[in-house]
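# Below are the sequence and a predicted model; questions follow.
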Amino acid sequence: MTTTMKGKQVFDMLKGELASAIVEVQDECLVVKPAKLTEVAGFIKHTQGLEFDYLSSATGIDYPDYFEVVYLFYSLEKNHRFTLRIRCADKADPVAPSLTCLWMGADLQEREIYDLLGIKFSGHPLLKRIFMWEGFEGHPLRKDFKNGF
Amino acid sequence: MEIKSQQSSMNIDLHEGRLIEELKRSSCEMMPEPSEWLDEEIKRNIIVSTVDKLLNWGRKTSLWTETAFTACCTFEFISLSSPRFDIARFGMEVLRSSPRHADLIITAGTLTWKMAPQIKRIYDQMAEPKWVIAMGSCGISGGIFADSYSVVPGYNRILPVDVYIPGCPPRPEALMAGIERLRKKIEKKSFTKVD
Amino acid sequence: MVFKTEPFILNLGPIHPSTHGVFRMRVVVDGEVITDIEPVFGYLHRGIEKLAENKTYKQIIPLTDRMDYVAAMNNNLAYAITVEKLAGIEVPERAEYIRVIMSELQRIVSHLIGIGSFFNDMGTFFTPFVYMFTGKEKITDLLEMVSGQRLLHNYMRFGGVSGDLPPEFLPALRKFLREMPPEIDMYDRLLKENEIVLARSKNVGILTREMAINASASGPVLRASGVKRDMRKADPYSVYDRFDFDVPVACNGDCYDRYQVRIEEMRQSIRIIEQAAAGIPEGEVINPVPLRFQPPAGEVYGFIEGSKGELGFHIVSDGSARPYRLHVRAPSLINLTALKNMLTGWKVADVMVIFGSIDICLGEVDR
């Protein structure tokens, strides 16, 4: 049975500068400052006892006030899961750091989020539209996008 | 010599995007069925002769299909060509990957705008006489995805469709019935007189 | 004498007999050796996630069918499980058993088609494919018996399944369970010692264990690389914890291993179905939800082990009758992350073999 790590549990393991990167500690996840995401993700990947070596899924959500990107991690060894979130408050030009330097599996998922929600991932090796064609106007999954032909 | 593959691929993408936008703009109207194009004068003057009968018999009994399959309906088409339903009875078991060899295009599945130029190009490359069967709800009107931003609402926006087969997906039997309809249609046509 | 060749961009797809749909690759070749590859997606992007935002929860079930269209039951199940998790709906025992049977039958269908088209790509033109389709049609009949549809079943509902098994289903299933294992053995015998198959697939397109984990591969692709991870065992959903089955693992991570894992998984699926058919209880098959179904506000991630890998649904609900956001963790798309690493260094003729061994479904890749 996969256990879900509590946000408090992981937060207690973060020390010093990394602890200040946390915006909010929720029950089953941590909300991280976008700028510090790679450090925190690297920490939970390499720390003994956490070892989240598998990035399962990355999702973007368009909330009225901010964009949220949700990362779901698994540890294959320990068989537990954990969620990290970042919030991009700048709705006009949302930027988030790319996790491709740590997990190759983030590659296509980040391109998908970029294409459909318009969140730019800095440091991504090939950030361009994945599903829509070049020249398509707008990002379909944003709430202000009007669906239909 | 090193190709900057990323840069050059971006150019290909931009070119493709322009093609798609162009096609999207030019295909707001539905295309009428091919028989409606012919003007009245020709229709009245067509005489189906014995030569036509022979040619049409040849055409209808060996329809070669182009493999332009896009989505779910493909599997019903493959079921039809598998031993159980056995499309070979209609002389149609030959699936051609080259449009030059094919005279029937069964558009199995949803068509997206990104795919539309490719399908249109395949259709244009096929030699006359050629027929189109729109298979499934998506092929007719976009079906369940008609509201979507990326789906072409029906193949008749870009191709002149001869036979529509409803269903999501149509059963192989329905596809057989559709093919039978097309064969009847071919029988009635005189291709020697047109032009 | 050494010939100098210039790199050349070769376009494969989107309409190509062995890209399993409308997939496109730009392959940079140096002579005949692949130096770089860029997959191009989106030729079947139908905007399911956006359409789902404008539909009620129940109306989305048919949309999920059309994602991985060779494994529609699995998609239904993943979505139903996610919404049940969100709304806290209990599922009757009998429905759980029916779900397991359907899901495993569908897994066999998906693997049969995956293996058939893999060998089709390898050049054994249509012979294995026709064998596989004969097996597939038997299961299609069973699934049609319960759902009324041959391909896109639309059978699972929140809190159960749409209808009880017809009385002739279980005898037909038992007959199928008697017939299928020898058939799987026959496929395996035909293919696994074939010299050409071995030459074309052994040690071809190796995906190492580290790479597989790093690239978030899942399902048979991950297990063929030596990682024993199956969501049915790692985090059992539905009633999978009651059944006795093994998780097949191979160690080399080549095309042949991926094929072997799929064959073995079909045998394990038969085992699960046998146990489920023997232990299926009587009773209700659905715990109905109200007509105006409105789950509470919240966020949930539900998953199953689909035939292609971990199939997950991420739903954000704002308490209304329509989901605020629905995201699909599509295993087919994510398994393609490592495609570049698997293909680089191989010859053009190996592209389709390696690509076919991943077994993707374009409806799920692009959604």
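Happy to help now that I have it. Numbering: from 1, shown residues only, chains lettered A, B, ... in the order given.
# how deep is residue 20 tucked in, by neighbour count?
You didn't pick a chain, so chain A it is. For A:S20, the count of nearby residues is 10 (other Cβ atoms under 10 Å in any protein chain shown). All C-beta spots, glycine's among them, are computed from the backbone N, C-alpha and C.
# Can you look at chain B instead?
Per other Cβ under 10 Å, the neighbour tally for B:I20 reads 22.
# Tell me if I'm right that B:G142 and B:R157 touch.
No. Contact between B:G142 and B:R157 fails when scored by Cβ atoms under 8 Å: they sit 9.5 Å apart.
# Note down every partner strand of the helix or strand bottoming out on mean pLDDT in chain C and its orientation.
Least confident helix or strand of chain C, by mean pLDDT, DSSP states H and E, is strand C:7-12 with a mean of 82. Its sheet considered, strand C:7-12 pairs with strand C:24-30 (antiparallel) by DSSP bridges.
# Now the strand it pairs with: buried residues?
Going by neighbour count (16 or more other Cβ atoms under 10 Å in any protein chain shown), the buried part of strand C:24-30 is C:24-29.
# can you check stretch A:117-127 too?
By 16+ other Cβ under 10 Å, the buried positions in stretch A:117-127 come out as A:117-119, A:121, A:124, A:127.
# For C:L44, state which of those is nearest.
C:L44 lies nearest to A:L117 out of the buried residues of stretch A:117-127, by Cβ to Cβ, at 19.9 Å.
# Do I have it right that the closest one meets A:H139?
Yes. The pair A:L117 / A:H139 is scored as a contact, 5.4 Å apart, by Cβ under 8 Å.
# Count the neighbours of residue 146 for me.
No chain was given, so I picked chain A. 7.
# meant chain C, my bad for not saying
Neighbour count of C:V146, defined by other Cβ under 10 Å: 22.
# For chain B, what's the nearest residue on the stretch 201-350 of chain C?
Closest approach between the stretch 201-350 of chain C and chain B, counting by Cβ to the nearest Cβ: C:K340, at 11.2 Å.
# quick one, what contacts that residue?
Residues near C:K340 by Cβ atoms under 8 Å, 6 or more residues apart in numbering or on different chains: C:36-39.
# Name the nearest of those residues relative to C:F293.
Minimum distance to C:F293 across the contacts of C:K340 is 38.3 Å, recorded for C:P39 (Cβ to Cβ).
# Could you check the pLDDT of the closest one?
If you check C:P39, the pLDDT there is 87.
# so how far is chain B from it?
For C:P39, the distance to chain B equals 11 Å [Cβ to the nearest Cβ, to the nearest Å].
# For that residue, which non-adjacent residue is closest in space?
C:M25 (5.4 Å; Cβ to Cβ, 6 or more residues apart in numbering or on different chains).
# Let me see the contact set for B:G136.
Residues near B:G136 by Cβ under 8 Å, 6+ apart: B:72-73, B:108-109, B:143, B:165-170.
# I'd like to know which residues of chain A are adjacent to chain C.
Contact residues, chain A versus chain C (Cβ under 8 Å from any Cβ of the partner chain): A:1-2, A:53-57, A:59-62, A:70, A:72, A:76, A:79, A:103-109, A:112, A:116, A:126, A:129-133, A:140-141, A:145, A:147.
# What is the longest helix along chain C packed up against?
Longest helix in chain C, counting residues (DSSP state H): helix C:93-122. For helix C:93-122, the elements it packs on are helix C:72-87, helix C:127-147, strand C:160-161, helix C:169-192, helix C:195-201, helix C:255-279, helix C:348-358, judged by 3 or more Cβ pairs under 8 Å, 6 or more residues apart in numbering or on different chains; DSSP states H and E.
# Which of the ones you listed sits closest to B:V132?
In terms of Cβ to Cβ, the element of the helices and strands packed on helix C:93-122 nearest to B:V132 is helix C:127-147, at 25.8 Å.
# which helices and strands does that closest one pack with?
Using 3+ Cβ pairs under 8 Å, 6+ apart, helix C:127-147 is in contact with helix B:73-81, helix C:93-122, helix C:169-192.
# what is the mean pLDDT for the helix or strand that comes right after it?
Using DSSP states H and E, the helix or strand that follows helix C:127-147 in sequence is strand C:156-157. Averaging pLDDT along strand C:156-157 yields 88.
# Looking at chain A, which residue is nearest chain C?
A:G105 (2.6 Å).
# pLDDT score assigned to residue 126?
Answering for chain A, as no chain was given. You'll see A:L126 listed with a pLDDT of 83.
# should've been chain C
On pLDDT, C:F126 comes in at 75.
# and what of C:G116?
So, for C:G116, pLDDT stands at 86.
# Span of stretch C:35-52 from start to end?
One end of stretch C:35-52 to the other measures 40 Å (Cα to Cα, to the nearest Å).
# For it, what is the distance to the chain centroid?
Taking Cα atoms, centre = their mean, to the nearest Å, one finds stretch C:35-52 lying 17 Å from the centre of the chain it belongs to.
# now stretch B:120-139
2 Å.
# Could you do stretch B:119-139 as well?
On Cα atoms, centre = their mean, the centre of stretch B:119-139 falls 2 Å from that of its chain.
# in that stretch, what counts as buried?
Residues of stretch B:119-139 classed as buried: B:119-120, B:122-123, B:126, B:130-139 (neighbour count, 16+ other Cβ under 10 Å).
# okay, the angle between whichever helix or strand C:P39 is part of and strand C:24-30?
When elements are assigned from DSSP H and E, C:P39 belongs to strand C:33-40. Per axes from the mean of the first three to the mean of the last three Cα atoms, to 10 degrees, the angle that strand C:33-40 makes with strand C:24-30 is 160 degrees.
# could you say what helices and strands strand C:33-40 packs with?
Going by 3+ Cβ pairs under 8 Å, 6+ apart, strand C:33-40 lies up against helix B:5-26, strand C:24-30, helix C:339-343.
# Downstream of that strand, the next helix or strand is which one?
helix C:48-53.
# phi, psi of the residue nearest to B:M92 when sequence neighbours are not counted?
Sequence neighbours aside, B:L63 is the residue nearest to B:M92 in space, at 5.1 Å (criterion: Cβ to Cβ, 6+ apart). Torsion angles at B:L63 (phi, psi; degrees, to the nearest 10) stand at phi -80, psi 120.
# Many thanks, we can stop here.
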